[in-house]
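Participant: Sequence plus predicted model, see below.
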Amino acid sequence: MANDGSGQKGSSTAASAGTSAPATTPTTTSAASGGHVVSARATTIGLMAILLWSFMAGTVRIVAEDFGATLGSALIYTVGGILLLIFRRPAPIRQFPKKYLIVGGLLFIFYESSISLSLGLASTAASSVEVSLVNYLWPTMMVLLAAGVSHRRHTVLKVLPGAVVATVGVALAVGGNSGLDWHLAATHIAANPLPYALAFMGAFAWSIYAVFTPAMAHGVDGTSLFFPCVAVALWIIHFASGQGMPATTPGPVAWLFVLLAACAIGGGYACWGYGILHGSMERLAIASYATPVLSTAASAVLLGLALSLPFWCGALLVAAGSVLNYLVSARK
């Protein structure tokens, strides 16, 4: 869920190799991380992003039920983009490296479009939670990809245990009340494969973004620039699909959820970007792996779902596997 041009979700992994140094001012903590002096306030702001993102799946699903999948997503990102442009203006375009603008921008737009549409296209409230967990394969994908392109020996083997734990957790969670009922899980996917495929491809695209774009960004945050581009892409998708406005005009509550979803997603990106640039990236990385658990909990409340013990165990395994991967990648 949230990222910035200076490294975003994936930058926290790369930053784990950073060294510590005494702080030079009394207003910051006593350590440096990722090439900057760590601010405890910035770290706290970054942690707020995780709380905001936890409401993404549920609010997007509610908006999709009132406006439709494509129109709802376009409205959310339009409002979010406007809010970011007002409260967090992007740097002048000339300061952005061209390679980062093209590669990073395309990956960002694809990921955001795919995850938003996948949630909206989920056929039921329960499947929207399943789709969100498929999206949360990105930490495992990110670590495996980073291990694969690293020059350290046996790195992939070292991160495999965490990858296996996280993957089993997703399978367990997708099974829902039936636990590891592979037939039922396959039936869900076969009945409506598009949202699951979009979520999986989006997670893979995000892992590529996280591993390769931080070096391209040179410390420039592209969140406020890329976000409105996502809105444009979603409007194009909406009109290309031939869908119009809803048959009945949504009421004030529906528009309120558009605003809430926009604040959750756009505000999460803004907080995360600030935290990554000025806070402790190691702490933010570890905390971010709690997002799947918080997201499923928030979705259960918003959508009125009763999640079983196997589902919660699966969500916890996703978080546990991601933490294992981070701990391995943090070792020098």
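Facilitator: That came through, no problem.
Participant: Low-confidence bits of the stretch 151-300 of the chain, can you list those?
Facilitator: Within the stretch 151-300 of the chain, the segments meeting pLDDT under 70 span 151, 153, 173-185, 276-277, 281-282, 285-286.
Participant: Identify the residues contacting Val328.
Facilitator: Residues near Val328 by C-beta atoms under 8 Å, 6 or more residues apart in numbering: 143, 158-159, 162. Where you see a C-beta, it was placed from the backbone N, CA and C, and this is true even at glycine.
Participant: How about Ala261?
Facilitator: Taking C-beta under 8 Å, 6+ apart, one finds 55-56, 59-60, 62-63, 76, 80 in contact with Ala261.
Participant: Most widely separated two among the contacts of Val328?
Facilitator: The widest separation within the contacts of Val328, taken as C-beta to C-beta, falls between Val143 and Lys158 and amounts to 9.8 Å.
Participant: Between the two, point out the one with more neighbours.
Facilitator: Per other C-beta atoms under 10 Å, whichever of Val143 and Lys158 has more neighbours is Val143, with 30 against 17.
Participant: mind checking pLDDT for that one?
Facilitator: Per-residue pLDDT puts Val143 at 73.
Participant: going forward can the numbers begin at 593, since that is how I track them
Facilitator: Yep, numbering from 593; the last one is Val735 now.
Participant: What count of nearby residues applies to the spatially closest residue to it that is not a sequence neighbour?
Facilitator: Closest residue to Val735 apart from its sequence neighbours, by C-beta to C-beta, 6 or more residues apart in numbering: Asn917 at 3.9 Å. Residues near Asn917, counting by other C-beta under 10 Å, number 28.
Participant: List the contacts of Asn917.
Facilitator: 731-732, 735-736, 751, 754-755, 758.
Participant: I'd guessed Arg680 sits against Thr815; true?
Facilitator: Yes - Arg680 is in contact with Thr815 according to C-beta atoms under 8 Å; the separation is 7.3 Å.
Participant: what touches both of these two?
Facilitator: 862, 865.
Participant: of these two, who's got more company?
Facilitator: Ranked by neighbour count (other C-beta under 10 Å), Arg680 and Thr815 place Thr815 first, with 23 against 18.
Participant: What distance do you get for the more buried one to Leu677?
Facilitator: Distance from Thr815 to Leu677, counting by C-beta to C-beta, to the nearest Å: 11 Å.
Participant: Which helix or strand contains Arg792?
Facilitator: For the record, residue 792 is Phe, not Arg. Secondary structure from DSSP states H and E places Phe792 in helix 785-804.
Participant: Not counting its neighbours along the chain, what's nearest Tyr788?
Facilitator: Leaving aside its sequence neighbours, Tyr788 sits nearest to Ile781 (C-beta to C-beta, 6+ apart; 5.1 Å).
Participant: Report the secondary structure element holding the one you found.
Facilitator: Take DSSP H and E as the rule and Ile781 turns out to sit in helix 774-783.
Participant: so where do the strands sit in this structure?
Facilitator: Ranges of strands in the chain, per DSSP state E, are 624-625, 628-629.
Participant: Give me the phi and psi for Asn784.
Facilitator: phi -150, psi 70 (degrees, to the nearest 10).
Participant: so who does it touch?
Facilitator: Each residue near Asn784 by C-beta under 8 Å, 6+ apart is listed here: 713-715, 719.
Participant: Just among the residues you listed, which is most surrounded?
Facilitator: Neighbour counts for those (other C-beta under 10 Å) peak at Ala714, which has 27 neighbours.
Participant: what about the closest residue to that residue other than its chain neighbours, how many neighbours?
Facilitator: Once flanking residues are discounted, Ala714 sits nearest to Ser720: 3.9 Å by C-beta to C-beta, 6+ apart. Using other C-beta under 10 Å, Ser720 is surrounded by 25 other residues.
Participant: any idea how far Ser720 lies from Ser706?
Facilitator: Distance, Ser720 to Ser706, using C-beta to C-beta: 14 Å.
Participant: can you check Gly867 too?
Facilitator: Distance, Gly867 to Ser706, by C-beta to C-beta: 24 Å.
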